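> Below: sequence and its predicted model.
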Amino acid sequence: GGGSSEGGDGGGGDELITVGFAQTGSESGWRSANTESMKTAFSTENGFELTFNAADNDTAAQIAAVRDFINQGVDAIVIAPIVEDGWDDVLQEAADAEIPVILEDRTVSSSDDLFASWVGLDFKKEGVMAGEWAAETFGDTPTKMVVLEGTTGSAPANDRAEGFDEAIDGTAIEKIDSQTGDFTRDGGKTVMEGFLQKYGADGIDLVYAHNDDMALGAIEAIEAAGAVPGVDIQIVSIDAVKDGMQALVDGKINFIVECNPLLGELAAGLVKDVLAGDEVEKKVYVSDQTFTQEQAAEVLDDRLY
Ligand code: GYE
């Protein structure tokens, strides 16, 4: 460790903990809420000096940012890894420099020894919950489904696909196409436009979007094609951010599985514990719930993100 800077708050000369946070980018409403939660938790008031980097979904840039943090000699590094693979070298470099790494949100395929702890959501379970809704809703009715995938190679895209597919196994739901919309609204819209051109609005019954933003983009594409989202084409998505929940209340989305982005306090707590030498859990799971249109209407005003 070492390398702590002097506290600038005049509050008795306590040293601030220097932290480099390598965020994925700013692809979605979920991400905005996560960034805000992290910045609030890693504030000077809480004893941190945060260097924030958003990699704009560029994996090489994100790894370069982590290398910069290592060179700066920060006390701890926090990463929301864009993709699962490719982390072994830089995580080993951090370990060699004795800088603990805490992962938040997405997971990596590297060995557990290469990071101190991870805090986030069970993405596979989210996929299962979305798939269970689809299985219950469509069951034996022949159903043509298209999928808007998250960023290729990311843990949530991989796990949400796997969980959903398991849950709909044995039903009459047929996945006719699946493409990445990169977790963005524009991406979801463009991919959905392509699906609508290829299969026609009549040829699609169900959209599974790996996040709300892509579902919101798909809604625009479906409406532009003259069909009614939520009725002609049903939509299930994941996140439960404000705009997604509003679309659910408006009847344009049919079901949402929550993914809580408010991970800042837990991540900051882990950083403090690890630096204090306390034992921490390797994996800290935050739990999610699900929302029907009726349930969304009841909670919409009280949502924190
Ligand atoms: O679902 C999506 C965001 O990694 C869980 O990333 C996160 C996902 C989230 O872009 O909206």
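Alright, I've got the coordinates. Quick caveat, the model's predicted, so the values are computed rather than measured.

> contacting residues around the closest residue to the ligand within the stretch 51-200 of the chain?
Distances between the stretch 51-200 of the chain and the ligand by CB to the nearest ligand atom are smallest at residue 183, namely 3.6 Å. In this view, the C-beta of every residue, glycine as well, is placed from N, C-alpha and C. Residue 183 is in contact with 27, 28, 31, 150, 151, 154, 157, 210, 211, 213, 214, counting by CB atoms under 8 Å, 6 or more residues apart in numbering.

> what helix or strand is the last one on?
Right, the one you point to is residue 214. If you go by DSSP states H and E, residue 214 is part of helix 212-224.

> Flag every residue of this protein that's near the ligand.
Within the chain, the residues that sit near the ligand (CB under 6 Å from any ligand atom) are 27-28, 30-31, 105-106, 156, 183, 211, 213, 238-239, 259.

> how about a cut-off of 5 Å?
27, 28, 30, 31, 105, 106, 156, 183, 211, 239, 259 (CB under 5 Å from any ligand atom).

> Out of those, list just those in helices.
Of the residues of the chain next to the ligand, the ones assigned to helices by DSSP state H are 30, 31, 156.

> I'd like those residues laid out as JSON lines, including neighbour count and pLDDT.
Output for these, formatted as JSON lines (neighbours: other CB atoms under 10 Å; pLDDT from 0 to 100):
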{"residue": "30", "neighbour count": "23", "pLDDT": "98"}
{"residue": "31", "neighbour count": "24", "pLDDT": "98"}
{"residue": "156", "neighbour count": "27", "pLDDT": "98"}
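
> pLDDT weak spots in this protein?
1-13 (pLDDT under 70).

> repeat that for 90
1-14 (pLDDT under 90).

> Can you show me the strands along it?
Using DSSP state E, the strands of the chain run over 5-6, 15-23, 48-54, 76-79, 101-104, 117-121, 143-149, 173-180, 206-209, 234-239, 255-258, 283-286, 290-291.

> Give me the nearest residue to residue 178, chain neighbours excluded.
residue 147 (3.8 Å; CB to CB, 6 or more residues apart in numbering).

> Just list whatever residues bridge to the one you found.
residue 178, residue 208 (DSSP bridges).

> Surely residue 122 touches residue 285?
Yes - look at residue 122 against residue 285 with CB atoms under 8 Å: they come within range, at 5.5 Å.

> When those two are compared, which one has more neighbours?
For residue 122 versus residue 285, the count of surrounding residues by other CB atoms under 10 Å is larger for residue 122: 17 against 12.

> From residue 295, how far off is residue 42?
33 Å (CB to CB, to the nearest Å).

> Find the nearest non-adjacent residue to residue 150, please.
Counting by CB to CB, 6+ apart, the residue nearest residue 150 is residue 157, at 3.5 Å.

> And the helix holding residue 214, how far out from the chain middle?
19 Å (CA atoms, centre = their mean, to the nearest Å).

> List the buried residues for that helix?
212, 213, 214, 215, 216, 217, 218, 219, 220, 221, 222 (16 or more other CB atoms under 10 Å).

> again, but for stretch 39-53
Quick answer for stretch 39-53 (16+ other CB under 10 Å): 41, 42, 46, 47, 48, 49, 50, 51, 53.
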